[in-house]
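Visitor: Got a sequence here, can you build the structure:
(4 chains)
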4 protein chains.
Amino acid sequence: MSYQSHYFQEVRKAQQRAYVPYSHFKVGAYLKTKDGRHFYGANVENAAYPATICAERSSLVAAISEGYRPGDFESITVTVDAEHPSSPCGTCRQVLKELCDDDMPVYMTNHKGEMIKSTVAELLPHGFSGKDLE
Amino acid sequence: MSYQSHYFQEVRKAQQRAYVPYSHFKVGAYLKTKDGRHFYGANVENAAYPATICAERSSLVAAISEGYRPGDFESITVTVDAEHPSSPCGTCRQVLKELCDDDMPVYMTNHKGEMIKSTVAELLPHGFSGKDLE
Amino acid sequence: MSYQSHYFQEVRKAQQRAYVPYSHFKVGAYLKTKDGRHFYGANVENAAYPATICAERSSLVAAISEGYRPGDFESITVTVDAEHPSSPCGTCRQVLKELCDDDMPVYMTNHKGEMIKSTVAELLPHGFSGKDLE
Amino acid sequence: MSYQSHYFQEVRKAQQRAYVPYSHFKVGAYLKTKDGRHFYGANVENAAYPATICAERSSLVAAISEGYRPGDFESITVTVDAEHPSSPCGTCRQVLKELCDDDMPVYMTNHKGEMIKSTVAELLPHGFSGKDLE
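Guide: Residues are numbered from 1 along each chain as shown, chains lettered A, B, ... in the order given. Sure thing, here's the model as predicted:
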């Protein structure tokens, strides 16, 4: 199933929940599961910057903590207020790689309603995974 | 409000949702909000170890992503299967410091039902916070 | 300047310094600066997996701490003991993006002496950077 | 061996190497080894905040990458420009716990030359370690 117009409204709602006292850069994520549920994600910053958690990962760990398993996800939509639709950081790509199908769509949007579609595998070419540890 | 016996049942439920293909060390978290709701947290590992997110932080970012704000939390209970009740890692303590009251109880438990009570401030003495950045 | 045969010997030396009591998966990095110096990097694990730091980042922060600045780097070589030359994790790609030229070579090798060449930009398409925060 | 006056000069030198385009908050670290060598550390920020690495950890992974092992360290001195001597973040405390003796001194200083002494164990009470994983 492809991008739905209401994904944009939903991800903008998630974005408002961002806790960003340091960067003032709000990011939202909207994760759809294959069985039709969804999880919101917002970035949660920290005075110690490395302890910050991004919106994409917030939504993914919320889902796992509710019982979803790797492979249960259908798409993720991300949004920012920026000139160009912003993409997941490297750490989030690594977590998407671990928990989502390689061909799962990643929809990147911004406040102007622009949208770029990519996939988990495209965003992490030569991706490092559990197979590399064997 | 202090530790309730059903917190233990709840946190053990969260623990079962851990995704731990690398360490096989399941951790669960059970976060109570001051207005009576709760959020589960499970640790979510990654082939690239640094991209792992702990149970405590999973529950906290799930709550923020649902609209809760720093200071809205009443207690967190953590559980592991280990000889001694295991405590939050340093990164989780830093996130607790950012999002929770200093005197918020942190209940550390294990599979034997042992429990140690601490607080956010006790776990991060001389804690680094947003005030240090000013 | 392109890949030199002695890079492989050097990166294998760095790899031996890995501190990996949890994964037993040793990774080495060898970072060349444009002015002809080099920095070794080894992965440094932690019982709390998220506090682990990878070999690539170890070499980069060592260089910055010695006074090197973003853009001062010529290439990085990485090595693992694995069937296929393993690639940097997402977090390391994000750090490479911040500190290195987009076309800087990333040489991925393994114990069999196999080598795959990529670049910083190829490994993080649509890369998130400081420009996105403006 | 206790705090030496030249540690302060050295750690202020390390601090100048910080790469902090986002917070403009420079942190320096100066790590002494038991065999008389030292390593500098500076914080290295990233547009994606979670990919930031702190000064304390920069110095520690530089040392490990040069062949030092856990337990080889004598003291660490940290410095900031702030009203009060600032302390290591939770993630750094976790890394100190993994790589340093529990009673290793941690000297926290600021630009005014104020100094507070603590230890690795004091900064991470009930510290999580490899023993908890067994």
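Visitor: I'd like the distance between A:S86 and A:M115.
Guide: For A:S86, the distance to A:M115 (Cβ to Cβ, to the nearest Å) stands at 12 Å. In short, each C-beta sits where N, CA and C put it, glycine included.
Visitor: which of these two has more neighbours?
Guide: Neighbours around A:S86 and A:M115, counted as other Cβ atoms under 10 Å in any protein chain shown, are more numerous at A:S86. The numbers are 23 against 15.
Visitor: and the more buried one, what does it touch?
Guide: A:27, A:78, A:80, A:108, A:110, C:128, C:132 (Cβ atoms under 8 Å, 6 or more residues apart in numbering or on different chains).
Visitor: Max pairwise distance over those: which two?
Guide: Between any two of these, the greatest separation by Cβ to Cβ is 13.0 Å, found for A:N110 and C:F128.
Visitor: Compare the two (neighbour count), which wins?
Guide: Using other Cβ under 10 Å as the criterion, A:N110 and C:F128 rank with C:F128 on top: 24 against 18.
Visitor: a helix runs through the more buried one, doesn't it?
Guide: No. Counting by DSSP: H, G, I helix; E, B strand; the rest coil, C:F128 falls outside a helix, being coil.
Visitor: Can you pull out the low-pLDDT segments for chain A?
Guide: Counting by pLDDT under 70, chain A contains low-confidence ranges at A:1.
Visitor: can you tell me how far A:L99 sits from D:Y49?
Guide: Remark: distance between A:L99 and D:Y49 (Cβ to Cβ) = 21 Å.
Visitor: Ok, A:V27 next?
Guide: The separation that A:V27 has from D:Y49, given Cβ to Cβ, amounts to 11 Å.
Visitor: rewinding a little: which one among the contacts of A:S86 gets closest to B:D72?
Guide: For these, the minimum distance to B:D72 (Cβ to Cβ) is 20.6 Å, reached by A:V27.
Visitor: Up against chain D, what does chain A have?
Guide: A:22-23, A:45-54, A:89-91 (Cβ under 8 Å from any Cβ of the partner chain).
Visitor: out of these, which touch chain B?
Guide: Within the residues of chain A next to chain D, those near chain B by Cβ under 8 Å from any Cβ are A:22, A:45-48, A:50-51, A:53, A:91.
Visitor: Neighbour count added to those, as TSV?
Guide: Putting those into TSV (neighbours: other Cβ atoms under 10 Å in any protein chain shown) gives the following:
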residue	neighbour count
A:Y22	18
A:E45	22
A:N46	26
A:A47	22
A:A48	28
A:P50	24
A:A51	27
A:I53	28
A:T91	29
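Visitor: Looking at these, which one is closest to D:Y7?
Guide: Of all those, A:A48 has the smallest distance to D:Y7: 23.1 Å, by Cβ to Cβ.
Visitor: With adjacent residues omitted, what lies nearest to that closest one?
Guide: D:C89 (3.4 Å; Cβ to Cβ, 6 or more residues apart in numbering or on different chains).
Visitor: Show me what A:V80 is bridged to.
Guide: Under the criterion DSSP bridges, A:V80 forms beta bridges with A:N110.
Visitor: thought it was touching A:H111?
Guide: Yes. The pair A:V80 / A:H111 is scored as a contact, 7.4 Å apart, by Cβ atoms under 8 Å.
Visitor: How about the residue nearest the centre of chain A: what's its closest non-neighbour residue?
Guide: In chain A, the centroid-proximal residue (Cα atoms, centre = their mean) is A:E56; its distance is 2.8 Å. Using Cβ to Cβ, 6+ apart and skipping residues adjacent in sequence, the residue nearest A:E56 is A:C92, 4.1 Å away.
Visitor: Which stretches in chain A count as strands?
Guide: Shown for chain A, the strands assigned by DSSP state E span residues A:28-33, A:38-42, A:73-80, A:105-110, A:115-119.
Visitor: check contacts around A:L96.
Guide: By Cβ under 8 Å, 6+ apart, A:L96 lies in contact with A:56, A:60, A:76, A:88, A:104, A:106, A:120, A:123-124.
Visitor: could you dump these to a markdown table with distance to C:Y3?
Guide: As requested, the contacts of A:L96 are arranged in a markdown table below (distance: Cβ to Cβ, whole Å):
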| residue | distance to C:Y3 |
| --- | --- |
| A:E56 | 34 |
| A:L60 | 37 |
| A:I76 | 37 |
| A:P88 | 30 |
| A:M104 | 34 |
| A:V106 | 32 |
| A:V120 | 30 |
| A:L123 | 26 |
| A:L124 | 23 |
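Visitor: out of these, which are inside helices?
Guide: Secondary structure from DSSP state H places A:56, A:60, A:120, A:123 of the contacts of A:L96 in helices.
Visitor: Got a quick PyMOL command for the buried subset of these?
Guide: Here is the PyMOL command that selects only those of the ones in helices among the contacts of A:L96 that count as buried (16 or more other Cβ atoms under 10 Å in any protein chain shown):
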select buried, chain A and resi 56+60+120+123
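Visitor: Pull the most distant pair out of the ones in helices among the contacts of A:L96.
Guide: With Cβ to Cβ as the measure, no two of these lie farther apart than A:L60 and A:L123, at 14.2 Å.
Visitor: what's the distance between A:E45 and chain C?
Guide: Applying Cβ to the nearest Cβ, to the nearest Å, the value for A:E45 to chain C is 12 Å.
Visitor: For that residue, give me its contacts.
Guide: A:19-23, A:52, B:98, D:49.
Visitor: Identify, from those residues, the entry nearest to chain C.
Guide: Nearest to chain C among the contacts of A:E45: A:S23, at 6.6 Å, using Cβ to the nearest Cβ.
Visitor: Was I right to think that closest one contacts D:A47?
Guide: No. A:S23 lies out of contact with D:A47 (Cβ under 8 Å); the separation is 9.2 Å.
Visitor: Now for those two: what residues contact both?
Guide: Counting by Cβ under 8 Å, 6+ apart, the residues touching both A:S23 and D:A47 are C:133, D:22.
Visitor: Got phi/psi on A:Y68?
Guide: phi -70, psi 150 (degrees, to the nearest 10).
Visitor: got a list of what it touches?
Guide: Counting by Cβ under 8 Å, 6+ apart, A:Y68 touches A:T33.
Visitor: roughly how far apart are it and C:C54?
Guide: Note on A:Y68: its distance to C:C54, by Cβ to Cβ, is 27 Å.
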